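> quick one, what's the 3D model for this:
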Amino acid sequence: MLRIQELINDLVFQKQSIKRQLKYGIINPVDAAIELDIVNKKERNLIKQSVMRIHITHDGEPRKIKYWEQKELWITNLPDKTRIYARTEDALYRKLFEAYGLTLCDRSLKGIFETALKEKSITDNNNEDTIIHFRYDFKRFINDKLSQKDITTISKADLKAYTQEMVNRLHPKRKAFLQYKSLLNLIFEYAVEYDIIPANPVSAIKNDIYLKSCDTKIATAEEKILSEAEIQTIKELIREYMGYKRYHGYFINGYAILLAIETGMRVAELPALKWKDIHMDYVHIHAQQLNHKRRGGKEYYYADWTKDEKGVSRGGRKYPLTDAIKEILTELRELQKRLHIKSEYVFCHENGDWIKTDAYITCLCRLMKRLHMPVTNNHTFRMSLNSNIFIGRCNLPVTERARLLGHSVETNLRYYSFAGKDNMEELKAVLNGQVTPW
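Model prediction:
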């Protein structure tokens, strides 16, 4: 039944698309009429199939549908004995379709959003990032209750009240608030265009009123830490990117970002990592990619020391090969073998050349901006790993934290050690004596 409902929703979308093309002169009236007739026939057949599956007796037999010649009506009875009738057979099936709780169009806010976004992806000249933006914003700003609400029942007062509650709860930046309004306009303007609602209620949301509750201050060091939920969102987006055609199944900077999240490796350390540095129990981090300017661009070179070693190799540091790290590296290794990519470097292009720090930084920055994250640099992974995992989850002593990240104890305490983001529930549990303090 769910599959049939999806097909019907798709046909409704096709009809709306044809009407829009006709409106803007993309197709002529004759062609539009022909296409609409084809879609309408498919829709009638699917409605009939849906009804026949559920309009049955307790014994599984089809309920009687008959034509009453005297009244010129098609009639049938619902399981509760309610009589349903209509002038035509198609009209009767449509009434039964609605009587059993099915709809020709998902009118929930989320349903309209999905349909509007689908149309935008097909009819507008959008890139993949635009669609990702809207999906992320919907997930970020719209709660489940509003998401499931019938759009025809959402008034200006409802939307204003929700917006005030949202800004009080999230305190978004000015830019984020304007993105929220763009999201609402996408949804409600679509509903207006296709006569689902008479007017767009977003016009009632005046910026000045709600910007008072938005966050306009400059972020502190503590606020630059990403929560574990935000980290998970980044991982999910990277996995989504891996399926994009533009990367041909090989999003190498994405794998580098995944490893940076798990290890806190510096930007320059990632390109210099070699397969021989991966051991049974640990990852040996002892080198970095540096560059110097020359005529015609930059020249990149391999340096056998890390930033904290300041030009003199002292053997680097060892990071435990956790299950998560092993899974990332094993997946990447198998992918490179399948694509016949050979290189001594873990993060290399299809021709075997190591990735460049500048390209990695650009890729990460764009990805974080697409998610509207508060920070866009690799350093936030080091800070987040130290505060969320080393301190918040594992309670590692500062000497171990400093050793794993490759800097001094003083540096770790002064610049890296902050309270984990979104950890109020954990703090409450500790104060209530429900769990052992870290």
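> ok, the spatially most central residue of the chain - contacts?
Nearest residue to the geometric centre of the chain (CA atoms, centre = their mean): Y136, 4.6 Å. Taking CB atoms under 8 Å, 6 or more residues apart in numbering, we find Y136 in contact with 233, 370-372. (Each C-beta comes from the backbone N, C-alpha and C, glycine too.)
> over to the closest residue to D277 other than its chain neighbours. Which of the three states is it?
Residue nearest to D277 in three dimensions, not counting chain neighbours: H284, with 4.3 Å by CB to CB, 6 or more residues apart in numbering. The three-state label for H284, taken from DSSP: H, G, I helix; E, B strand; the rest coil, comes out as strand.
> what's the answer for T233, then?
Under three-state DSSP, T233 falls in the helix class.
> filter the contacts of Y136 to the buried ones?
When the contacts of Y136 are checked for burial by 16 or more other CB atoms under 10 Å, the buried set is 233, 370-371.
> in strands, which of the contacts of Y136 appear?
Within the contacts of Y136, no residue falls in strands by DSSP state E.
> looking at the residues you listed, which is nearest I197?
Of all those, H372 has the smallest distance to I197: 27.8 Å, by CB to CB.
> tell me which element Y93 falls in.
Assigned by DSSP states H and E, Y93 belongs to helix 89-99.
> show me what that helix is packed against.
Helix 89-99 sits against helix 29-54, strand 73-77, strand 83-86, with contacts defined as 3 or more CB pairs under 8 Å, 6 or more residues apart in numbering; DSSP states H and E.
> now those in JSON lines, with mean pLDDT?
Shown next, in JSON lines, are the helices and strands packed on helix 89-99 (pLDDT from 0 to 100):
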{"stretch": "helix 29-54", "mean pLDDT": "87"}
{"stretch": "strand 73-77", "mean pLDDT": "93"}
{"stretch": "strand 83-86", "mean pLDDT": "90"}
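> tell me the bridge partners for the residue lying closest to Y319 once chain neighbours are set aside.
Nearest residue to Y319, sequence neighbours excluded (CB to CB, 6+ apart): V283, at 4.7 Å. Beta-bridge partners recorded for V283 (DSSP bridges): I278, Y319.
> can you show me the strands along the stretch 251-400 of the chain?
With DSSP state E, counting those that start in this stretch as the criterion, the stretch 251-400 of the chain has strands at 282-285, 288-294, 297-303, 317-320.
> of these, which is nearest V192?
Shortest distance between V192 and those, using CB to CB, is found for strand 297-303: 51.8 Å.
> how is this structure carved up into domains?
The chain breaks down by automatic domain parsing into domains covering 2-99, 109-211, 228-379.
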